[in-house]
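Colleague: model the following, please.
(one chain, ligands or ions: 4)
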Amino acid sequence: EAKRSEHSPVCLFDASMQTALDERVQLEDRLRLAIPSQLHAVLQRQVDQAGTVIGAELLLRWQHPSLGQVSPARFIPLAEETGLILPIGQWVLASACQLIERWSHAPHTRGLVLSINVSAREFNQPGYVGQVERALSEHRADPTRLKLELTESALAGDIDRVVDTMRRLRALGVRFALDDFGTGFSSLAYLQRMPLDQLKIDQSFVRALPDNGNDATIVRSVIALGRGMGLDVIAEGVETAAQRDFLCAAGCAHFQGYLFGRPEDIDTFEAGLR
Ligand code: C2E
Ligand code: MG
Ligand code: MG
Ligand code: MG
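Modeller: Numbering: from 1, shown residues only. Ligands and ions are numbered 1, 2, ... in the order given. Model prediction:
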């Protein structure tokens, strides 16, 4: 406050804005150079009620030589704004298809489903269906082993177009999950029209289970809604046995979270299955 009276507040504001902008531009330049050499995929297991691994979610990591690990919470939004998410998404898709093909050769990995996160900007670009189709066939990956996680914002555009894109991908055998469910603006009428396979209950609703009565009610309702619509329901961010027990009792079939495993390198994930 003292500084404000000494200097012009307008100048101070401009200076800090300029710094923020410089940092952003610098991070953007760094991200552009990072694709794909500084990117790598980690996997987080998804389990059923018995604790058996049924699949994994691929999560992106950026290891910068001087910045160290940059969190996806920081670089994914930047990638989305700048369009860099398009080459990043292609790399993720190719990596996933390679992995699916490799998994098809061993009995303990053959049955797994691999989920990848797809941004609205990727999903809604013209030619996305062709891109997925090419990636699958180039790597000879079984399409039914690939699941695309979309958020409500990806589905918010032209509903007819979105449904058409989903149907064409589904015709290939690809599956869909609605990620972070409950945090966007979910119109139940839209939900009904989407050819989805899975609802992912957002971790913000799981965190305070089972003690928070409101969250408990929301989670029970979402599970009932999903099951009623014939969808698989998975809870994310499951960290405690008490959360898992509550979710199990409410009829949730699948789980993901630190209780079962952190995101880990592909080798470690695969070794953990044996
Ligand atoms: P998401 O898809 O909802 O992924 C779940 C996030 O929760 C991951 O964070 C995961 O590490 C974290 N998580 C898993 N279990 C637990 C738990 O028990 N407790 C807590 N507190 N957190 C848990 P991460 O890896 O930092 O990713 C953040 C977000 O970045 C993802 O949220 C997703 O929206 C985005 N993202 C990550 N990889 C990609 C990618 O390849 N493409 C796109 N478009 N987005 C990605
Ligand atoms: Mg996800
Ligand atoms: Mg999520
Ligand atoms: Mg999330």
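
Colleague: alpha carbons only for contacts and neighbour counts from here, please
Modeller: OK.

Colleague: which positions in the protein make contact with ligand 3?
Modeller: Asp179, Asp180 (CA under 5 Å from the ion).

Colleague: Provide the secondary structure category for whichever residue of the stretch 1-150 of the chain sits closest to ligand 3.
Modeller: Proximity of the stretch 1-150 of the chain to ligand 3 (CA to the ion) peaks at Glu149, 8.3 Å away. The local conformation at Glu149, judged by DSSP: H, G, I helix; E, B strand; the rest coil, is strand.

Colleague: try the one 5 residues further on
Modeller: Under the three-state scheme (three-state DSSP), the conformation of Ala154 reads as coil.

Colleague: please name the nearest non-neighbouring residue to it.
Modeller: Spatially, and ignoring its direct neighbours in sequence, Ala154 is nearest to Ala120 (3.8 Å; CA to CA, 6 or more residues apart in numbering).

Colleague: hang on, that neighbour packs against Leu150?
Modeller: Yes: at 7.4 Å, Ala120 counts as touching Leu150 under the criterion of CA atoms under 8 Å.

Colleague: more neighbours: which of the two?
Modeller: More crowded of Ala120 and Leu150, by other CA atoms under 10 Å: Leu150, with 22 against 18.

Colleague: just checking, that one touches Ala177?
Modeller: Yes: in this structure, Leu150 is within contact of Ala177 by CA under 8 Å, at 6.2 Å.

Colleague: against Asp158, how distant is Leu31?
Modeller: 30 Å (CA to CA, to the nearest Å).

Colleague: the more surrounded of those two?
Modeller: Per other CA under 10 Å, whichever of Leu31 and Asp158 has more neighbours is Leu31, with 22 against 9.

Colleague: show me where the protein has its helices.
Modeller: Residue ranges of the helices in the chain, as given by DSSP state H, are 2-6, 9-34, 72-82, 85-103, 107-110, 120-123, 128-138, 159-172, 188-193, 203-206, 213-228, 241-249, 266-273.

Colleague: and those: which comes nearest Ala56?
Modeller: Ala56 lies closest to helix 266-273 among those, at 9.0 Å (CA to CA).
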